[in-house]
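Trainee: Kindly return the folded structure for what I paste below:
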Amino acid sequence: MQLHMHLLAGAAIVLPTVAAGLTIDTAGVYAFTGFEDQPSSKFTKTTLYRIDPASGDVDFVVNYDAGVVVKPDNYTCLAGQSARMGLEGGVIYGMPGGADSPLIVHDLEQNVSFCDDGIENLWGLTPLQHQAHVGPHGNDEKSQGAQFAAFSSSYTPMFGEWSFSIGKLTVNADPAGQEAKYDERLSFQNGESADSKYFACAVIDTDMQDRVAVDIARQHLYVMCDSILLTVDTSKQQWKITQDVNLTAAQAKTPYTLTSILEFSHTTDSLAATAVSAKERGSSDATLAMGFLNTTTGEWIKEPVEVKAATQDAKVAYDPSSETAYVYTKDDKQTNLLIVDLTSGSSTAGTPISDAIGVSDLLYVGSEVAPAPAPAGKHTCGQHCSTDADCDQTQACKRCEKYILHQCVT
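Mentor: Okay, the predicted model is just below:
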C-alpha cells in the first residue's frame, strides 16, 4: 500500500491510498501498536494496521507519529502507548487512557487521519451510539460530533485526595472542526462519605480501559472498578448511578472471575466479557475464558468457556452482531487470529497472521450493506437510532429484523 502526504490548510495529514468509497475491504480487525515491540523495521509503533480475518494479511493504515497533525494547533502528533478504540459513523476513534496524549482519529470513508488534543487524561472511551459496522453516512453527524462516554480519575496517595467523574465526550471527525469537549455528568471525591464506595474508580490501572460497555436500548452505561460493577443511567441530562454490584460476592458461586468487558450483548441482554479461573488467577499465562454476565446480579449466565490456545493477556476484538470474538494470539512459533463464538462456546483454530505485529488494542469493523427493499408486510430497516425522535414521523426506533442495533423502521 502506498503512502502519500497531502497538505490540507497548511497541515500534513496522512492519507493511505485505497479505493474511493467504502468496500468490503474496509472491514476487518484494526490493530493499534502503541509502544509495543515490532517484529522488524517494516512495522512501526503508534501505528494503525488492518488485519484481514480471512487471509491473515496485515495492511498499513497510518502511523500517527509520522506526519499526522494535531488539531487545533497543527503540530505533529505524538500518540500514546494504548488507544482504546471505538467506531462511530464510519470513523475510528482512539483514546490513550489517563495519559497526556491526544485522541487519534481515522475516517474510514474519507481515509483521513489526525489527532485531537482538545482533552487529555481521560479513559474508557465508549460510543453512546455504538456502531460496529461501516456503511453510508451523511456529513451532518460527523460535523455535529460523535458522542462517547468517558471517565476522569485522579488519586494522590500522599494527601489522600481522589476524584472520579463520568461524562459525555464529543469528538468532531472534521480535521478543521471543533476540538474534543468533555461534559462532566457525575462526579465523586474524597470528603464525601457517600462517595467512598467509588474510590476504586479513582485509582487508574492499565486494565480499566477494557471494563466499559453501553446498552444503547436502555441507555445504560456499565463500568467495572476493581470488584464493583456500576450501572449508570444516561437517558437524561443528569446522569445517575442506579446500581452497584459487588462482583466478589456475586461470582463466588463459580470458579471464574470477570477480567474485562467486551461489549453489551443485545442478543443475550448481558455483558460479553472475559474471565480467568480461580485456580489460575495471578498467573501470567492464565487461560483466557469468555462468557456472558448478568448486569443485575453480577453472576455468569453460564460458566465461561476457556479458549485453550490463548492467555488472559491476549488482545480481543468483538463483533456484537454475531457474538463473535477475534482473539489475537502470539507465541514464538506462530501468530493467529482465533475466532470464538460466545453463543455456542465453539472456537476455530483461526487464521495465521502474516506478520507478528505487537498490538496494544484491537477493534472489529464489519461491512454493512444497505438492506434491500423488504417484502410486503415486512419492515424496512433504515438509519441507526436510539429513540423515535431520531426518525421521521412515519418511523419508529426498533430492533429491525436481523439487525442487532436499533434502526428507524417503517
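
Trainee: any chance you could map the strands in the stretch 51-200 of the chain?
Mentor: 58-63, 69-71, 75-76, 84-88, 91-95, 103-107, 112-116, 123-127, 133-134, 146-156, 161-171, 181-189 (DSSP state E, counting those that start in this stretch).

Trainee: Show the contacting residues for G145.
Mentor: By CB atoms under 8 Å, 6 or more residues apart in numbering, the residues touching G145 are 170-173, 177-178. Where C-beta positions appear, they are placed from N, C-alpha and C, glycine not excepted.

Trainee: how about the strands of the stretch 51-200 of the chain in TSV, adding mean neighbour count?
Mentor: Shown next, in TSV, are the strands of the stretch 51-200 of the chain (neighbours: other CB atoms under 10 Å):
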stretch	mean neighbour count
strand 58-63	20
strand 69-71	23
strand 75-76	13
strand 84-88	23
strand 91-95	26
strand 103-107	25
strand 112-116	24
strand 123-127	22
strand 133-134	21
strand 146-156	21
strand 161-171	21
strand 181-189	16
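
Trainee: Angles on the backbone of D269, please.
Mentor: The phi and psi values for D269, taken as degrees, to the nearest 10, are phi 60, psi 50.

Trainee: go on, L247?
Mentor: phi -70, psi -30.

Trainee: how near is the nearest residue to I166 once chain neighbours are set aside to V223?
Mentor: Closest residue to I166 apart from its sequence neighbours, by CB to CB, 6 or more residues apart in numbering: L186 at 4.4 Å. Taking CB to CB, to the nearest Å as the measure, L186 falls 11 Å from V223.

Trainee: Buried residues, stretch 301-319. List them.
Mentor: Across stretch 301-319, burial judged by 16 or more other CB atoms under 10 Å covers 304-307, 309-312, 314-319.

Trainee: The residue nearest the centre of the chain pairs with what?
Mentor: The residue lying closest to the centre of the chain (CA atoms, centre = their mean) is G86, at 3.8 Å. G86 forms beta bridges with Y93, as assigned by DSSP bridges.

Trainee: Can you read off the pLDDT for it?
Mentor: You'll see G86 listed with a pLDDT of 93.

Trainee: How about the contacts made by it?
Mentor: Contacts of G86 (CB under 8 Å, 6+ apart): 92-94, 125-127, 130, 148, 363.

Trainee: Among the contacts of G145, which one sits closest to L103?
Mentor: V171 (6.3 Å; CB to CB).

Trainee: Let me know whether that closest one touches P102 as I believe.
Mentor: No: the pair V171 / P102 is not scored as a contact, 10.8 Å apart, by CB atoms under 8 Å.

Trainee: which residues do those two both contact?
Mentor: Common neighbours of V171 and P102 (CB under 8 Å, 6+ apart) are D116.
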